[in-house]
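**Q** Show me how the following folds:
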Amino acid sequence: MNIIILSRNPALYSTQSLYIAAKNRGHFVRVLDHIFCDLKISNNILEVYYEDEKIENYDLVIPRIGTTATSYGGAVVRHFQQMGVFSTLDHEALIRTRDKLTTLQILASNGIGVPNTIVSNNSYVIPELLEKLDSIPVIIKLLSGTQGIGVIKADDVKTAESIIETFMKLRQKIMLQEFIQEASGADIRILIVDYKIVGVMQRQAKPGEFRSNLHRGASSFVVELTEEEEIVAINAARVMGLSVCGVDMLRSNKGPLILEVNASPGLEGIETTTNIDIAAKIIEFGEREVKLLRNIN
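**A** Below you'll find the predicted structure:
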């Protein structure tokens, strides 16, 4: 097959892992920066150009779209999909999942557990919002944050009110979430490919830190999921329309709670922790889907 990996940085671990996995399986692979892809629509024909070169005769595109390039990256993925190229990430699912509030709305409306959450644009009702949430400490999140950036724990009402007021004055959209004390600074990252679980690790925040992101010094180790947790993770991926994704889960007294469904999960942490070649499983998934499309057509 001829494969395109859409990535802003060819040197990133995830991009390299996918590139090597594809090459090892005998495929031709190119890494293109989606920001520099030019999209042409002429006489009802869609074309993609990269540095004035027409990009054609490709079978599979693997998007690695970061949060800073979601809009245009989604447009590039859509263009390829409309040209008949199979993508491991659907453009609509990408846009939908990048909005934290939309994700929680979809998950909750489909009966999937999420932390109790409140979102408001009204700065005059902050005390009432905190009372409705009934959670101190409270987690305050920027809707646009990633890798633990813009996630703050307020241990008392006055601190929470001050942080919320500051964000609102800066015109930042935020959400308030209950703090799951019993999780003890740990969450579970579940990698899903073709709606099947292919890797699981627990991430444990370092002492004094509640965020369990590996970028923030958290440790990681392999962990077993319960049957309920497996079902919840796969259902979360399905309702978000993400055949390849990372599902972040908390273990709570109320059962498994989904924190986030990541459309472009990093592979370094999960591959090095589990010693599973996740990238190869993504390539294999792409192979199956391309073969299926060819048989249909």
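**Q** contacting residues around residue 232?
**A** Residue 232 makes contact with 112, 113, 249, 255, 256, 258 under the criterion CB atoms under 8 Å, 6 or more residues apart in numbering. Quick note: C-beta positions are derived from backbone N, CA and C, even for glycine.
**Q** Can you tell me the SS state at it?
**A** Here residue 232 is recorded as helix under DSSP: H, G, I helix; E, B strand; the rest coil.
**Q** gap between it and residue 136?
**A** Remark: distance between residue 232 and residue 136 (CB to CB, to the nearest Å) = 27 Å.
**Q** circling back to that earlier point, need the contacts of residue 232 in TSV (columns: neighbour count and secondary structure).
**A** TSV is the format used below for the contacts of residue 232 (neighbours: other CB atoms under 10 Å; DSSP: H, G, I helix; E, B strand; the rest coil):
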residue	neighbour count	secondary structure
112	21	coil
113	17	coil
249	24	strand
255	12	strand
256	22	strand
258	23	strand
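**Q** Residue 12: which of these is nearest?
**A** residue 249 (24.8 Å; CB to CB).
**Q** pretty sure residue 39 is in a strand, no?
**A** Yes: assessed by three-state DSSP, residue 39 belongs to a strand.
**Q** so it makes contact with residue 46?
**A** Yes: judged on CB atoms under 8 Å, residue 39 makes contact with residue 46 at a distance of 7.4 Å.
**Q** so what sits against both of these two?
**A** Common contacts of residue 39 and residue 46 (CB under 8 Å, 6+ apart): residue 79.
**Q** ranges for the strands of the stretch 151-297 of the chain?
**A** Here the stretch 151-297 of the chain has its strands, by DSSP state E, counting those that start in this stretch, at 151-154, 174-178, 186-193, 196-204, 219-222, 244-252, 255-262.
**Q** Each with direction, which strands does the second one pair with?
**A** If I follow you right, that is strand 174-178. Pairing partners of strand 174-178, with direction, according to DSSP bridges: strand 117-118 (antiparallel), strand 138-142 (antiparallel).
**Q** The fourth one too?
**A** Its sheet considered, strand 196-204 pairs with strand 186-193 (antiparallel), strand 219-222 (antiparallel) by DSSP bridges.
**Q** same check, this time on the first one
**A** With DSSP bridges as the test, strand 151-154 is paired with strand 138-142 (antiparallel).
**Q** Quick one: residues in contact with the partner strand.
**A** 100, 115, 130, 149-154, 160, 163-164, 167, 172-179.
**Q** Can you tell me the centre-most residue of this protein?
**A** residue 262 (1.2 Å; CA atoms, centre = their mean).
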